[in-house]
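*Asks:* Kindly return the folded structure for what I paste below:
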Amino acid sequence: MSTDQAKYNPFNRGPFPVGVLTQNFHDPKRDRTLPTEIWFPATDEFKNKDFDEATKDKYVMGDISSSQNAVRDADIREGFYPLIVFSHGHGAHRLLTSHLCTHLASHGYIVAAPDHLGNTYLDLLNYKEQFLNGTPPNLEELDKQIFVNRPSDIKFIIDCMTSDKIIIPLKMIDVNSIGVAGYSYGGWTALMVASTDTRISAVLPIASIGGNSPDLKEPNPFSQFLNLNWKHNVATLYLAAQNDTIVDVRSIYDLFKRTLEPKSMVVLNHADHLHFCKEAESTHNLIQQQPELFFGDSPLTKLIKEKMLPFDKLCSAEEGHAFIQGLGLAHMDAHLKKNSNALEIFSGDIFDFMAENNVDVLHVKL
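*Replies:* Now for the predicted structure:
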């Protein structure tokens, strides 16, 4: 490792305090309004306030109360920043991985994450209530709508964030440096968008669905609709969990093999699917104890009940967070900011680099 690279540490919080705002974007073509969280570098007067319990943002999402390391409606710092759009997982919400989004913003990115309406945590609670009231929704039709809406949501948010529709001045956004990221169902969503949208230079699928595993007995529609023979250059970093109960890690190997260069894949050892959520342990425990809330009466619910390990048998939440924050930032720095030190991480021995930062990984190479 060079001296310059040793000074570059994507695990550390960035030099800027982080601000956050929420903006609703209405798509008249689909008559669909998407609440969207937007994180950005804030001015120096907000330094340390994004970590202070008295001033950092608090939020409520259904029966979930939490906070994030950002100051609500802070002043944006003058600058010119790359854009990253993030897609949440099934039955989640736009704030579920705010630890990653605020980390990116602290290093000089503008990050936007919409709620995929119809597929959020609040929607799942509503569907559960409908079942209890004897008026169950048509889940097959809902699944079809979600499948179609998700990629369209992300493309629409990119359109909005690169237009005069946003609160943040457009002159501060580098419309020629755009990345997309996503977690679980959001990973597939990000890949779908990157496959057709030539504005995108880097994609970060985290524990992504959409690959084929050896145990699959029926055609996988997520895989069938995903074309990875892209006609434009997109750098891809797959992040995965070794003990993922929800997404077979072998299916992510399949995605990786089918993806064109430049690409990398790194697996976090002794981690399950929920290690990448902000509230990793509580989310893991919720799904372990009530998988039917998220996946209904499905084979996946049965698998979770049989095979998902208790959280204390796996790696820590802190290690899961460091994994996606450090590598996610380095990937975007390498390909959106052309940072040579970040590029060197992926061409070198990631295992040693991560071990120096107390994160146990497997670097996948073909």
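*Asks:* what comes up buried for the helix ranked longest in the chain?
*Replies:* Criterion DSSP state H: the longest helix present in the chain is helix 139-161. By 16 or more other C-beta atoms under 10 Å, the buried positions in helix 139-161 come out as 146-147, 149-158, 160-161. Backbone N, C-alpha and C define where each C-beta goes, glycine included.
*Asks:* Export that helix to PDB, keeping only CA atoms.
*Replies:* Provided in PDB are the C-alpha atoms of helix 139-161 (Å, rounded to 0.1, in the frame of the first residue of the first chain):
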ATOM      1  CA  LEU A 139     -50.900  -9.700  -3.600                       C
ATOM      2  CA  GLU A 140     -50.200 -11.100  -7.100                       C
ATOM      3  CA  GLU A 141     -51.200  -7.800  -8.600                       C
ATOM      4  CA  LEU A 142     -49.300  -5.800  -6.000                       C
ATOM      5  CA  ASP A 143     -46.200  -7.800  -6.800                       C
ATOM      6  CA  LYS A 144     -46.500  -7.000 -10.500                       C
ATOM      7  CA  GLN A 145     -46.900  -3.300  -9.800                       C
ATOM      8  CA  ILE A 146     -43.900  -3.200  -7.500                       C
ATOM      9  CA  PHE A 147     -41.800  -5.100 -10.100                       C
ATOM     10  CA  VAL A 148     -42.600  -2.400 -12.700                       C
ATOM     11  CA  ASN A 149     -42.600   0.600 -10.400                       C
ATOM     12  CA  ARG A 150     -39.300   0.200  -8.700                       C
ATOM     13  CA  PRO A 151     -36.900   0.800 -11.600                       C
ATOM     14  CA  SER A 152     -39.200   3.600 -12.900                       C
ATOM     15  CA  ASP A 153     -39.100   5.300  -9.500                       C
ATOM     16  CA  ILE A 154     -35.300   5.500  -9.500                       C
ATOM     17  CA  LYS A 155     -35.200   6.800 -13.100                       C
ATOM     18  CA  PHE A 156     -37.800   9.400 -12.200                       C
ATOM     19  CA  ILE A 157     -35.800  10.500  -9.100                       C
ATOM     20  CA  ILE A 158     -32.700  10.900 -11.300                       C
ATOM     21  CA  ASP A 159     -34.700  13.000 -13.700                       C
ATOM     22  CA  CYS A 160     -35.900  15.200 -10.800                       C
ATOM     23  CA  MET A 161     -32.500  15.500  -9.200                       C
END
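*Asks:* tell me the mean pLDDT for that helix?
*Replies:* What helix 139-161 shows for mean pLDDT is 96.
*Asks:* try stretch 47-64
*Replies:* 94.
*Asks:* CA atoms of that stretch as CSV?
*Replies:* This file holds the C-alpha atoms of stretch 47-64, laid out as CSV (Å, rounded to 0.1, in the frame of the first residue of the first chain):
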residue,chain,number,x,y,z
LYS,A,47,-20.2,20.8,12.6
ASN,A,48,-20.8,18.1,15.2
LYS,A,49,-24.5,18.9,15.3
ASP,A,50,-25.2,15.9,13.1
PHE,A,51,-24.0,13.7,16.0
ASP,A,52,-25.4,15.7,18.9
GLU,A,53,-28.5,14.0,20.3
ALA,A,54,-30.1,17.5,20.8
THR,A,55,-29.8,18.6,17.2
LYS,A,56,-29.6,15.5,15.0
ASP,A,57,-32.7,14.5,13.1
LYS,A,58,-35.3,12.3,14.8
TYR,A,59,-38.0,10.5,12.8
VAL,A,60,-40.9,8.1,13.2
MET,A,61,-41.7,5.4,10.6
GLY,A,62,-44.9,3.6,11.7
ASP,A,63,-44.1,2.0,15.0
ILE,A,64,-40.3,2.7,14.6
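*Asks:* now S163, nearest residue through space, not along the chain?
*Replies:* L170 (7.1 Å; C-beta to C-beta, 6 or more residues apart in numbering).
*Asks:* okay, the buried residues of helix 139-161 in JSON lines with distance to F295 next?
*Replies:* Formatted as JSON lines, these follow (distance: C-beta to C-beta, whole Å):
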{"residue": "I146", "distance to F295": "14"}
{"residue": "F147", "distance to F295": "16"}
{"residue": "N149", "distance to F295": "19"}
{"residue": "R150", "distance to F295": "17"}
{"residue": "P151", "distance to F295": "22"}
{"residue": "S152", "distance to F295": "24"}
{"residue": "D153", "distance to F295": "22"}
{"residue": "I154", "distance to F295": "23"}
{"residue": "K155", "distance to F295": "27"}
{"residue": "F156", "distance to F295": "27"}
{"residue": "I157", "distance to F295": "27"}
{"residue": "I158", "distance to F295": "30"}
{"residue": "C160", "distance to F295": "32"}
{"residue": "M161", "distance to F295": "32"}
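*Asks:* Widest-spaced pair of those?
*Replies:* Within the buried residues of helix 139-161, F147 and M161 form the most distant pair, 23.3 Å apart (C-beta to C-beta).
*Asks:* if I look at R150, how far off is I209?
*Replies:* R150 sits 11 Å away from I209, taking C-beta to C-beta, to the nearest Å as the criterion.
*Asks:* Show me whatever sits in contact with both of these two.
*Replies:* 185, 188 (C-beta atoms under 8 Å, 6 or more residues apart in numbering).
*Asks:* Identify the residue nearest the geometric centre of this structure.
*Replies:* G182 (3.3 Å; C-alpha atoms, centre = their mean).
*Asks:* need the contact list for that one.
*Replies:* 86-89, 154, 188-191, 204-206, 208.
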